[in-house]
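Student: quick one, structure for this:
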Amino acid sequence: MDIVVYKTETCPRCRALVEKLREWGYQPVEKMMTETPTDEIADCSMDIGYWPMMAPVLRVNYCWYSDISLFKENTLNEKHLQEILGQWKN
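Tutor: Residues are numbered from 1 along each chain as shown. A predicted model of the protein is given here:
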């Protein structure tokens, strides 16, 4: 499973997402949102309709998830994250 977290340096929600993924045994690749190649931005925009202005952005294989679907306020929606990851398990 290919997991990428697009983040910013000072984002506490980004840290929470990466920490939870690692706690569950995943090794996400971390990329800075400001350094994201345009082809990746285009892929995200085609999948969810826009490039989010808030971090984090999660990509699992070829599907993209914005901060809006991952967090409620500043709390990680762990149930939704488990559902996302569960779609890709064999």
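Student: contacts and neighbour counts: CA atoms only from here.
Tutor: Will do.
Student: quick check: pLDDT value at residue 69.
Tutor: Residue 69 is assigned a predicted lDDT (pLDDT) of 91.
Student: and it, what does it touch?
Tutor: With contact set as CA atoms under 8 Å, 6 or more residues apart in numbering, residue 69 has these partners: 77, 80.
Student: can you pull out the strands in this protein?
Tutor: In chain order, the chain shows strands spanning 3-7, 29-32, 57-60, 63-65, 71-72, 75-76, with DSSP state E as the criterion.
Student: to residue 50, which of the ones you listed lies closest?
Tutor: The closest approach between residue 50 and any of those, judged by CA to CA, belongs to strand 63-65 at 10.4 Å.
Student: so what are the sheet partners of that closest one and their directions?
Tutor: Strand pairing for strand 63-65, determined by DSSP bridges: strand 57-60 (antiparallel).
Student: centroid-nearest residue for the protein?
Tutor: Taking CA atoms, centre = their mean as the criterion, residue 58 is the residue nearest the geometric centre of the chain, at 1.4 Å.
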